[in-house]
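Enquirer: With the sequence up front, the predicted model follows.
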Amino acid sequence: MGNISVKCIVNIITISAMDINDVDLNLLRVFHAVFEERNITRAGERIGLSQPATSYALSRLRALFDDPLFVRASDGMLPTPTAERLALPLGRAMVSIQEVLNHDKVFDARTSTRKFRLSMSDIGVQVFLPRLCEALQHAAPNVRLSVEQVDASVVEERLRLGQLDFAIGNLPTLKGMTNHIVMFRETYACMTRKRPGLPARVLSREQFLAMSHIAVTSTDSSHLVIEETLSGGGLQRRLAISVPHFTIVPEILERTDWVATLPRGVAQILNASGKFAIYPLPIEAPEAESTIHWHQAFDADEGIRWFRQFVASVVEALSRGNWKTGSTARAPRPRSKTQRA
């Protein structure tokens, strides 16, 4: 590993007035962990070091680069400008090393303790993540997940650097830059609280536009598209409220006569109580397309391959409508060709 590490780092970063043979390459693991975790204790746990050992390694890094690198703040250890400049090349070095070490490693889901890092929108977390976890505990009981909502503008970079393993959702801007599988497509629907006077099956365009609407200004690019569609084309919606996330929408709908526009499958899951009426969207709109993205640099990683197939199998079980509590999902056979834009 030493020779591989030196080669990767020499090719990517130049450290002036420093002999690479005198550098403890384990310090770079510490830098990478602290930069991502923004917390010394969590960084140490991630790489198997105690908090004192991690602090000592950080002090050596500070001496090595003659810079504080990270400073304490109310929201964690914040990187200095020097640390920000170092993060990208060192991240690439870590990815290169890991790729070499994992090139022929067999992944066994039944015994693996690997942690997969996902980016999902709030609606994905609310609707899909619980079902994914339910299936995961049966198929891979020791596998761990770390989930966050990453802005679409930086997702590709974080996938490329290995800071994320997957991005799940409708992310059309990533299609030309990542490998991906289209998991499903679905139409949009509108949902409102059940009450007297509503039509039985179809909401007319006039009725839809006359209602007060909830607009979701989520960073999820798929919903931005539908909101732009509803806002354009001369449609005069009466917006009652704009909210940043989907999670609050059902509670608002329960207490008002307002209407929300969202993917049909999501509406059906949120309507498990039967309190809402769901109608086809009475205007033309693009379909919602859900994809799972990963970077091509990790295409041969057995764990990456297993997990993306596992996610697709869970989605398939949900789309067939045969999901039951306690059921397990099996990963489909590997596809001969990855779907690409």
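Expert: The structure has been received and is ready for your questions. Keep in mind it's a predicted model, so treat the numbers as computed, not measured.

Enquirer: most centrally placed residue in this protein?
Expert: Centroid-nearest residue in the chain: S119, 1.0 Å away (criterion: C-alpha atoms, centre = their mean).

Enquirer: which SSE is that residue in?
Expert: Using DSSP states H and E, the secondary-structure element containing S119 is strand 115-120.

Enquirer: Can you list the buried residues in that strand?
Expert: Buried residues in strand 115-120, defined by neighbour count with 16 or more other C-beta atoms under 10 Å: F116, R117, L118, S119, M120. Backbone N, C-alpha and C define where each C-beta goes, glycine included.

Enquirer: elements contacting that strand?
Expert: Contact analysis of strand 115-120 by 3 or more C-beta pairs under 8 Å, 6 or more residues apart in numbering; DSSP states H and E lists strand 144-148, strand 166-169 as its packing neighbours.

Enquirer: before we move on, the earlier item: could you list everything the residue nearest to the centre of the chain pairs with in the sheet?
Expert: Taking DSSP bridges, one obtains E148, A167 as the residues bridged to S119.

Enquirer: roughly how far apart are it and F65?
Expert: Relative to F65, S119 is positioned 30 Å away (criterion: C-beta to C-beta, to the nearest Å).

Enquirer: quick one, what contacts the residue nearest to the centre of the chain?
Expert: S119 sits next to V147, E148, Q149, V150, V155, R158, L164, F166, A167, I168, G169 when contact means C-beta atoms under 8 Å, 6 or more residues apart in numbering.

Enquirer: distance of it from G274?
Expert: In terms of C-beta to C-beta, S119 sits 32 Å off from G274.

Enquirer: same question, D67
Expert: Where G274 is concerned, D67 sits at a distance of 60 Å (C-beta to C-beta).

Enquirer: model confidence over the strand holding S119, on average?
Expert: Regarding strand 115-120, the rounded mean pLDDT is 92.

Enquirer: same thing with stretch 205-217?
Expert: Stretch 205-217 shows a mean pLDDT of 90 in the predicted model.

Enquirer: Please work out which residues outside it touch it.
Expert: Taking contacts as C-beta under 8 Å, 6+ apart, the residues outside stretch 205-217 that touch it are 190, 192, 199, 223, 227, 230, 235-246, 249, 252-253, 256-262, 279, 281-283.

Enquirer: Out of those, which end up buried?
Expert: Among the contacts of stretch 205-217, the ones that count as buried (16+ other C-beta under 10 Å) are 190, 192, 223, 227, 230, 237, 245-246, 249, 253, 258-262, 279, 281.
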